[in-house]
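Peer 1: Dropping the sequence and predicted coords here.
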Amino acid sequence: MIVTDIEQLPGKTYPARRRTRNVVGGAAPIQAKNFCVGYVDLEPNGGQVPWHNQEQEEVYFIVKGAAEMCLGEERQILTAGQAAYIPPTVFHQLTNIGDTPATMMYIYGPAGDVAHWRQELEGTLPKAGVEAPQLPAGAHPQCTEKPKA
């Protein structure tokens, strides 16, 4: 039996002000062929998974807090206990809109690398309305900060 403890996983902090810990897949001790799972802490007031897309289908599940979910042309507030389905190749973004940290989990399949992690660290994410579709009206702006050297 392979067991992992989220509190023992160091994770990675990204420029868009979130800490991601792989639970299944990636650098995690648990590996699966058909899916990956992660645990993400979004910093208050704007911590984000920036506007991106990927080949895998995915679900975002809000564990605590509230976050603005942008999916294609749609925008909606998600709160603890809610999940959103993300079809393959559809641009999406999640932003903490609260004054306290928000936590979410992602599940995507099939397992494998997703380019937006590397793109964010390199400062090469496709920019909304330029190299990618425009964000929905009224959406929190996409974080496009380059990492500090």
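Peer 2: Yes, it's here.
Peer 1: Tell me where this structure has helices.
Peer 2: 115-122 (DSSP state H).
Peer 1: so where is it shaky, pLDDT-wise?
Peer 2: Low-confidence segments of the chain, defined by pLDDT under 70: 146-149.
Peer 1: Can you show me the strands along it?
Peer 2: With DSSP state E as the criterion, the chain has strands at 12-14, 18-24, 36-42, 48-52, 57-64, 66-71, 74-79, 83-86, 92-96, 102-109.
Peer 1: Redo those as a markdown table? Include distance to residue 130 and mean neighbour count.
Peer 2: (Glycine included, C-beta is placed from N, CA and C.) As requested, the strands of the chain are arranged in a markdown table below (distance: least, Cβ to Cβ, whole Å; neighbours: other Cβ atoms under 10 Å):
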| stretch | distance to residue 130 | mean neighbour count |
| --- | --- | --- |
| strand 12-14 | 20 | 16 |
| strand 18-24 | 22 | 20 |
| strand 36-42 | 24 | 21 |
| strand 48-52 | 11 | 24 |
| strand 57-64 | 23 | 17 |
| strand 66-71 | 16 | 21 |
| strand 74-79 | 19 | 14 |
| strand 83-86 | 22 | 16 |
| strand 92-96 | 15 | 25 |
| strand 102-109 | 25 | 20 |
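Peer 1: Tell me which of the ones you listed sits nearest to residue 128.
Peer 2: For those, the distance to residue 128 is smallest for strand 48-52, at 4.8 Å, taking Cβ to Cβ.
Peer 1: Output the contacting helices and strands for that closest one.
Peer 2: strand 36-42, strand 92-96, helix 115-122 (3 or more Cβ pairs under 8 Å, 6 or more residues apart in numbering; DSSP states H and E).
Peer 1: ok, back up a step: could you dump the strands of the chain into a markdown table with distance to residue 139 added?
Peer 2: Output for the strands of the chain, formatted as a markdown table (distance: least, Cβ to Cβ, whole Å):
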| stretch | distance to residue 139 |
| --- | --- |
| strand 12-14 | 19 |
| strand 18-24 | 17 |
| strand 36-42 | 15 |
| strand 48-52 | 9 |
| strand 57-64 | 15 |
| strand 66-71 | 5 |
| strand 74-79 | 5 |
| strand 83-86 | 14 |
| strand 92-96 | 7 |
| strand 102-109 | 16 |
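Peer 1: what's the closest of those to residue 134?
Peer 2: Using Cβ to Cβ, the nearest of those to residue 134 is strand 48-52, at 9.4 Å.
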